[in-house]
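# here's a sequence, model it:
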Amino acid sequence: MQQLQGFEKIYAPFDGVITARNTDIGDLIQAGANTTPQELFHLSSVDRLRVFVPVPEIYQSVLHSVKEVGLSSDAYPKERFMGIIARSSDAIDPLSRTLRVEVDIENPKTLLLPGAYVFVHLPLPAASQSPTIPSNA
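Residues are numbered from 1 along each chain as shown. So this is what the prediction gives:
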């Protein structure tokens with residue numbers, strides 16, 4: 001009986017906020033190889049966020065020297081957030097001609113929410129700030 005009651009609680013390996021609940025009280029939750037897996041909850045960590053940035057191919061060589069980037073949000077126009085480039089895909093996407101870069105943001109005041117739209121400000125050299133036209137234009 002104690003083992004069955006142990007399944008009544010779900011523990012996550014990190015603190016977070018439930019952003020989606022896909023089950024209600026009284027729902028039958030099936031487990032096993034014969035059932036399709038169903039997500040019960042979607043849990044998001046809000047104290048540290050990760051932003052995925054598609055960087056144009058022309059600027060990929062500049063990213064090797066950049067460690068920190070600035071971020072801003074329309075929701076908080078007077079706030080300036082700082083992020084650290086955690087990693088990149090090290091490959092150019094052939095469809096968009098961009099390099100996918102991941103930026104980690106410390107969010108101790110939890111001003112930014114998971115799924116929010118932010119602007120990433122990459123420090124580019126003056127020579128690279130000339131206007132460019134996309135290849136599909």
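# over to the residue lying closest to residue 110 once chain neighbours are set aside. Which of the three states is it?
Excluding the flanking residues, the one nearest residue 110 by Cβ to Cβ, 6 or more residues apart in numbering is residue 46, at 4.9 Å. The way it works is simple: take the backbone N, C-alpha and C, and place the C-beta from them, glycine included. At residue 46 the chain is in coil, as set by DSSP: H, G, I helix; E, B strand; the rest coil.
# surely residue 67 and residue 84 touch.
Yes. Assessed by Cβ atoms under 8 Å, residue 67 is found in contact with residue 84 at 6.4 Å.
# got the buried residues for the helix or strand hosting residue 71?
Per DSSP states H and E, residue 71 falls inside strand 68-73. Of all the residues in strand 68-73, those buried under the rule 16 or more other Cβ atoms under 10 Å are 69, 71, 73.
# what helices or strands is it leaning on?
With contacts taken as 3 or more Cβ pairs under 8 Å, 6 or more residues apart in numbering; DSSP states H and E, strand 68-73 sits against strand 76-93, strand 98-106, strand 119-121.
# contacts only, for residue 113.
residue 46 (Cβ atoms under 8 Å, 6 or more residues apart in numbering).
# mind running it again at 10 Å?
Shown in contact with residue 113 (Cβ atoms under 10 Å, 6 or more residues apart in numbering): 17, 19, 44, 46, 49, 73, 75, 107.
# on that earlier part again, compare residue 67 and residue 84 (neighbour count), which wins?
Under the neighbour definition other Cβ atoms under 10 Å, residue 67 and residue 84 were set side by side, and residue 84 has more, 13 against 10.
# pipe the buried residues of strand 68-73 into a markdown table and attach pLDDT and distance to residue 13 per row.
A markdown table is the format used below for the buried residues of strand 68-73 (pLDDT from 0 to 100; distance: Cβ to Cβ, whole Å):
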| residue | pLDDT | distance to residue 13 |
| --- | --- | --- |
| 69 | 93 | 28 |
| 71 | 95 | 26 |
| 73 | 94 | 28 |
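# list just the nearest of the residues you listed to residue 124.
Closest to residue 124 out of these is residue 69 (10.7 Å), distances taken as Cβ to Cβ.
# got any ranges where the chain has weak pLDDT?
32-33, 126-131 (pLDDT under 70).
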